[in-house]
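Q: got a sequence here, can you build the structure:
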Amino acid sequence: MTLSCALTFDFDAMSVWLGSYKARNPSMVSRGEFGAIAVPRILDLLKKHELPGTFCIPGHTALAYPDIVKRIRDEGHEITHHGWVHENPADFDEAGERANIDKGLEALHKAAGVRPKGYRSPSWDFSERTIKILLDYGFSYDSSLMGSDFIPYYARIDDRFDDKTPYHFGPNVDLVELPVAWVMDDFPHFEFVDKDTYGLSASTKVEEIWTDEFDYAHRNIPGGLFNVTMHPQVIGRGHRLMMLKRLINTFKSRDGVTFSTMGAYVDQWRANNPLDKWLKSGAPQAQNACGRDGL
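A: Coordinates of the predicted model:
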């Protein structure tokens with residue numbers, strides 16, 4: 001069996017500074033503008049290697065740079081929902097969280113006429129309602145949770161947890177989770193945000209980490225997904241883009257490796273692992289199917 005590799009790019013632009021960091025300083029917000037400089041470079045790289053990419057785009061970014069979003073679409077790459085302005089869903093009540101989903105969908109449709117089937121939460125934050133809301137909107141998959149590394153699973157609803165009682169696992173639902181990890185994200189490795197993130201790592205350090213993660217998955221997780229998260233305003237710097245070029249060549253040199261969008265991978269994985277069959281498979285995340293509530 002093969003290992004699939006998903007090259008994913010969170011095209012946050014100014015929204016991450018406005019939403020996550022609540023910045024109103026023109027200098028800090030301007031850091032996001034480099035994302036629009038970097039995306040064409042990334043698209044050229046993907047085109048050179050004939051590789052698909054997945055671009056996770058907030059609605060705010062789509063309205064700021066509709067021509068770039070159209071180019072992403074026109075060159076055959078996947079576009080997923082990434083919030084409205086990189087907001088934390090847990091900061092809103094249910095009506096507010098749904099309104100942000102609506103605004104993101106409307107902006108992506110206005111900019112490029114797309115209706116994403118995938119979702120990635122800004123900064124990978126969830127509320128206790130997020131999975132149910134994603135189901136209501138008909139999303140096929142999410143890529144925000146961290147319950148595995150290279151092995152997809154069906155998400156759960158209604159988990160209950162505190163520091164005094166045993167963890168309660170809720171039922172799995174028909175939303176495929178493509179797990180993520182901060183170690184597989186370029187932002188904490190490379191970015192500098194005072195009093196928050198002190199990255200600025202050498203690209204060779206990150207290249208070593210990602211290559212070793214890839215080699216582990218390649219040797220041990222047949223059929224898995226190597227899911228790496230990058231941000232154009234981060235990875236698009238010259239020395240980091242050179243690192244990405246080297247990584248692509250390394251990944252392509254391994255036997256049995258394919259490159260896929262997250263959406264295409266999910267379609268194949270879901271066909272091979274329908275929910276009822278998966279629940280009987282003994283997967284660790286299928287807690288409700290293991291009768292744990294009845295112990």
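Q: switch to C-alpha atoms for all contacts and neighbour counts from now on
A: Fine.
Q: hmm, who's touching the one helix or strand Val234 maps to?
A: Here Val234, judged by DSSP states H and E, is contained in helix 232-235. With contacts defined as Cα atoms under 8 Å, 6 or more residues apart in numbering, helix 232-235 is touched by 9-11, 13, 31-36, 38-39, 42, 186-187, 190-191, 240-241, 244.
Q: of the residues you listed, buried ones?
A: 9-11, 13, 32-36, 38-39, 42, 186-187, 190-191, 240-241, 244 (16 or more other Cα atoms under 10 Å).
Q: narrow these to those in strands?
A: Phe9, Asp10 (DSSP state E).
Q: which residue sits closest to Asp67 in space, ignoring its chain neighbours?
A: Ala111 (7.7 Å; Cα to Cα, 6 or more residues apart in numbering).
Q: tell me the spacing between the one you found and Pro232.
A: According to Cα to Cα, to the nearest Å, Ala111 and Pro232 sit 19 Å apart.
Q: following the helix-or-strand element of the chain with minimal mean pLDDT in sequence, what is the next regular element?
A: Least confident helix or strand, the chain: strand 197-198 with a mean of 92, by mean pLDDT, DSSP states H and E. Downstream of strand 197-198, the first helix or strand assigned by DSSP H and E is helix 203-220.
Q: which residues in the stretch 101-250 of the chain form helices?
A: For the stretch 101-250 of the chain, the helices defined by DSSP state H, counting those that start in this stretch cover 130-136, 186-190, 203-220, 232-235, 238-253.
Q: ok, back up a step: what about Ala111 and Pro232, which has more around it?
A: Pro232 (27 against 20; other Cα atoms under 10 Å).
Q: turn the helices of the stretch 101-250 of the chain into JSON lines, columns for mean pLDDT and distance to Gln285.
A: JSON lines is the format used below for the helices of the stretch 101-250 of the chain (pLDDT from 0 to 100; distance: least, Cα to Cα, whole Å):
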{"stretch": "helix 130-136", "mean pLDDT": "98", "distance to Gln285": "15"}
{"stretch": "helix 186-190", "mean pLDDT": "98", "distance to Gln285": "27"}
{"stretch": "helix 203-220", "mean pLDDT": "98", "distance to Gln285": "19"}
{"stretch": "helix 232-235", "mean pLDDT": "98", "distance to Gln285": "32"}
{"stretch": "helix 238-253", "mean pLDDT": "98", "distance to Gln285": "28"}
